[in-house]
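Engineer: Quick one: sequence and predicted model below, then my questions.
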Amino acid sequence: MSDWSRAELRARTPESATARTLHLTVDGWPGHLPGQHVDVRLTADDGYRAVRSYSLSAPADGDRIEISVQPAPHGEVSPYLAEDFPVGAGIEVKGPLGGWFVWKPGRPGPVLLVAGGSGIAPLAAMLRARLDLGDDGPPFHLAYSLRDPGQRWFGALLDGVAKAEDPAVTAACLYTRTAPPGHPRPVGRITAADLDLPGFAPADGALAFVCGPTAFVEKAAGLLVHLGHRPDRVRTERFG
Amino acid sequence: MRDGNALAGPLSDLFLPDPTTAWRLCPGCGTDAALAALHVYDQGPAAVARCPRCSEIAFRVARHPGQLWFDFGGGGALRFPTT
């Protein structure tokens, strides 16, 4: 699908002090797979156009889609979307896009999600799609590297995972600078120990999805390959 | 820098199957990588996709008014999995 469609902003909800999830409706949206993204096009009054890619942070739900936006300092598009784009207004979207960084909910085999910062967005869609499968779904683990508790996106989703205490769906926050009091893991960057988990080894047929800034993706994907995961089973998406 | 996932939109005007799942055997260093795993530099007038290992240019995509350029430069090939 290569046409631009009009999307209308229905609501904007906070993920952190500055990041926002945009809840949009798109006429004729064909549905999407967890991990896919959309290209968003803004056209200024003078005709100037800017296109950016945003991951879809929720699974398919009729004509409703969600994208989650971290406003970049001095950014041209993201601060507008996160702060100024009015509810009820329209933007153009193209999608769903991408067939590589996707999890197909029918796929058997454990899935290891590795997020760095706002790289959590497409992985949140995968995690939600997994939760929708209930007891029938494969094991999932999310390793979420973030700076401090204030940067924890999708808090309700993560709290729900923790509260359910389902051994088949787990999530760990890897705080790099400041952790909440009593957090079991020492503060620090991601290590092999964060990814060397029973049930998610190469021999278990695990598929890994790594998303985040380039340096984080290089580090985490390198750790996974070092642990024995086949490079083509470590799917990466990087930005910035 | 981004990666080949970001090319799914621009290349959807050219390809019917999603091109980011195609594979490229790098003629420079022999690395076999999905197009989604290429490194993409798109701050300039064209998006330049490079081998993630040796940085050889795989191709360039440039959008000009009324024209879309897809430049393979020195060659290389994409192979699409079929079922």
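Structural biologist: Perfect, thanks for sending it.

Engineer: three-state assignment of B:Val61?
Structural biologist: Secondary structure state of B:Val61, per DSSP: H, G, I helix; E, B strand; the rest coil, is strand.

Engineer: give me the beta-bridge partners of it?
Structural biologist: With DSSP bridges as the criterion, B:Val61 is bridged to B:Ala47, B:Phe70.

Engineer: How many neighbouring residues does it have?
Structural biologist: The burial metric for B:Val61, expressed as a neighbour count using other C-beta atoms under 10 Å in any protein chain shown, is 19. The C-beta positions use only the backbone N, C-alpha and C, and glycine is treated the same way.

Engineer: got a list of what the residue most central in space within chain A touches?
Structural biologist: Note on chain A: the residue nearest the mean C-alpha position is A:Ala121, at 2.0 Å, using C-alpha atoms, centre = their mean. Applying C-beta atoms under 8 Å, 6 or more residues apart in numbering or on different chains, one finds that A:Ala121 lies in contact with A:Tyr54, A:Ser55, A:Leu56, A:Ser57, A:Ile67, A:Ser68, A:Trp153, A:Cys211.

Engineer: how about 7 Å then?
Structural biologist: By C-beta atoms under 7 Å, 6 or more residues apart in numbering or on different chains, the contact set of A:Ala121 is A:Ser55, A:Ser57, A:Ser68.

Engineer: name the helices or strands packed onto the helix or strand harbouring the first one?
Structural biologist: For A:Ser55, the host element (DSSP states H and E) is strand A:49-55. With contacts defined as 3 or more C-beta pairs under 7 Å, 6 or more residues apart in numbering or on different chains; DSSP states H and E, the packing partners of strand A:49-55 are strand A:37-43, strand A:64-69.

Engineer: How about the residues of chain A by chain B?
Structural biologist: Contacts of chain A with chain B, taken as C-beta under 7 Å from any C-beta of the partner chain, map to A:1-2, A:39, A:53, A:94, A:97-101, A:214, A:236-239.

Engineer: if we go to 6 Å?
Structural biologist: A:2, A:39, A:53, A:94, A:97-101, A:214, A:237-239 (C-beta under 6 Å from any C-beta of the partner chain).

Engineer: just to revisit the earlier point, just the helices and strands packed on strand A:49-55: most buried one?
Structural biologist: The densest packing among these, expressed as mean neighbour count by mean count of other C-beta atoms under 10 Å in any protein chain shown, is seen in strand A:64-69 with a mean of 23.

Engineer: pretty sure A:His37 contacts A:Pro96?
Structural biologist: No. Under the criterion of C-beta atoms under 6 Å, A:His37 makes no contact with A:Pro96, lying 7.3 Å away.

Engineer: Report the buried residues of stretch A:181-194.
Structural biologist: Neighbour-count burial for stretch A:181-194, with 16 or more other C-beta atoms under 10 Å in any protein chain shown as criterion, is recorded at A:Ile190, A:Asp194.

Engineer: Next, please give the residue ranges for the strands of chain A.
Structural biologist: Assigned by DSSP state E, chain A shows strands spanning A:5-14, A:20-26, A:37-43, A:49-55, A:64-69, A:90-97, A:111-116, A:140-146, A:169-175, A:207-213, A:234-239.

Engineer: The ones you listed: which one's closest to B:Leu11?
Structural biologist: Across these, B:Leu11 has its closest neighbour in strand A:90-97 (9.3 Å, C-beta to C-beta).

Engineer: Not counting sequence-adjacent ones, nearest residue to A:Leu9?
Structural biologist: Closest residue in space to A:Leu9, ignoring its immediate chain neighbours: A:Val87 at 5.2 Å, by C-beta to C-beta, 6 or more residues apart in numbering or on different chains.

Engineer: where are the low-confidence patches of chain A?
Structural biologist: For chain A, applying pLDDT under 70 flags the ranges A:1-2, A:240.

Engineer: Show which residue of it lies farthest from the average position.
Structural biologist: Within chain A, counting by C-alpha atoms, centre = their mean, A:Asp46 lies farthest from the centre, at 33.3 Å.

Engineer: which of the strands of chain A is buried the deepest?
Structural biologist: Comparing these by mean neighbour count (mean count of other C-beta under 10 Å), strand A:111-116 ranks first with a mean of 26.

Engineer: mind listing what A:Thr18 touches?
Structural biologist: A:Pro71 (C-beta atoms under 6 Å, 6 or more residues apart in numbering or on different chains).

Engineer: do that again at 8 Å, thanks
Structural biologist: Per C-beta under 8 Å, 6+ apart, neighbours of A:Thr18: A:Gln70, A:Pro71, A:Ala82.
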